[in-house]
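Undergrad: Structure for this input, please:
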Amino acid sequence: MSAPLVTILDDEPSVRAMLGEALEEAGFRTMGFARAREFEAALRSAAPDVCLVDLSLPDRDGLTLVHRLALESGAAVIIISGRAQVQDRVTGLELGADDYIIKPFEPAEVVARVRARLRKRAPPEAAGDTARFEGWTAHFDRYTLEDAEGKETPFSHAEGEVLRLFLESPRRLISRAHMQEALGGAAGESFDRAMDVRISRLRTKLREDPRNPRLIKTIYGAGYIFLGDVSWE
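TA: Numbers count the residues shown, from 1 in each chain. Sure thing, here's the model as predicted:
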């Protein structure tokens, strides 16, 4: 089995070289890109496990690219950016990023975050890549939800993490603290807001009534509970 592939999209050669060296020493394969255009062309033939994306790109808005990757790619997406404002971090997470690292950083921190994201992505041995529940089928191998008529709706990697967490623990209360522990990221307002956004998007894709959701219930002051029978394949 080949080593996980990490792509590095940053227009600073020194940053690409520093990260590439640290990641390769840690056992990863890497590909570096200075332009979004080159990176997107490479995605036609490469399937990265983790994408490191700088927001300040010379030929594309980084946040737009992050959103597209979150929707269309099975890779974990980690933003690396000099933008340290809380709103930038919140926006990045809301658009589907899995993590946000502020420049300047230590290469060892990035390696640790990459490893953490890959651990979070790995499904438990007992679970498969397909879950069936209440007329729906979640395909985690291609990141789509399929309804009873066979119509498919894509979901992002970040949304998939939350959905898998619910489907692995049906009819059990999942607290905010448990979500933070299971999914990673720093606890606080930005994490809570990111979870709210992901859950809202999942409810929309599951065609839930926002005023009275049938499957993903909010237990105010306690957390969430998924009300449905689930079978894994």
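Undergrad: For the chain, list the residue farthest from the centre, please.
TA: In the chain, the residue that sits farthest from the middle, by Cα atoms, centre = their mean, is residue 149; the gap is 27.3 Å.
Undergrad: could you point out which element follows the top helix by length along the chain?
TA: Taking DSSP state H as the assignment, the helix of the chain that covers the most residues is helix 189-205. Along the chain past helix 189-205, the next helix or strand (assigned with DSSP states H and E) turns out to be strand 216-219.
Undergrad: tell me what that following strand is packed against?
TA: If you count contacts as 3 or more Cβ pairs under 8 Å, 6 or more residues apart in numbering; DSSP states H and E, strand 216-219 packs onto helix 189-205, strand 223-226. Where C-beta positions appear, they are placed from N, C-alpha and C, glycine not excepted.
Undergrad: Could you give the number of residues near the closest residue to residue 156 other than its chain neighbours?
TA: In space, and not counting its chain neighbours, residue 156 is closest to residue 70: 3.8 Å by Cβ to Cβ, 6 or more residues apart in numbering. Residue 70: 26 surrounding residues under other Cβ atoms under 10 Å.
Undergrad: hey, C-alpha coordinates of the strand or helix carrying residue 70 in CSV?
TA: Assigned by DSSP H and E, residue 70 belongs to helix 62-72. Output of helix 62-72 as CSV, limited to C-alpha atoms (Å, rounded to 0.1, in the frame of the first residue of the first chain):
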residue,chain,number,x,y,z
GLY,A,62,-8.4,30.3,-2.0
LEU,A,63,-11.7,30.1,-0.2
THR,A,64,-13.6,29.3,-3.4
LEU,A,65,-11.1,26.5,-4.1
VAL,A,66,-11.5,25.1,-0.6
HIS,A,67,-15.2,25.0,-1.0
ARG,A,68,-14.9,23.1,-4.3
LEU,A,69,-12.4,20.6,-2.8
ALA,A,70,-14.7,20.0,0.1
LEU,A,71,-17.6,19.2,-2.2
GLU,A,72,-15.9,17.3,-4.9
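Undergrad: For that helix, name the packing helices and strands.
TA: The contact analysis (3+ Cβ pairs under 8 Å, 6+ apart) places helix 62-72 against helix 36-42, strand 50-54, strand 76-81, helix 86-94.
Undergrad: Strand 76-81 and the longest one, what's the angle between them?
TA: Okay, so that is helix 86-94. Using axes from the mean of the first three to the mean of the last three Cα atoms, to 10 degrees, the inter-axis angle of helix 86-94 relative to strand 76-81 is 160 degrees.
Undergrad: Next SSE downstream of helix 86-94?
TA: Sequence order places strand 99-102 as the next helix or strand after helix 86-94, per DSSP H and E.
Undergrad: quick one: average pLDDT of the helix or strand following that following strand?
TA: Next in sequence after strand 99-102, counting helices and strands by DSSP H and E, comes helix 107-121. The average pLDDT within helix 107-121 is 86.
Undergrad: downstream neighbour of helix 107-121 in the secondary structure list?
TA: In N-to-C order, the element after helix 107-121 by DSSP H and E is strand 130-133.
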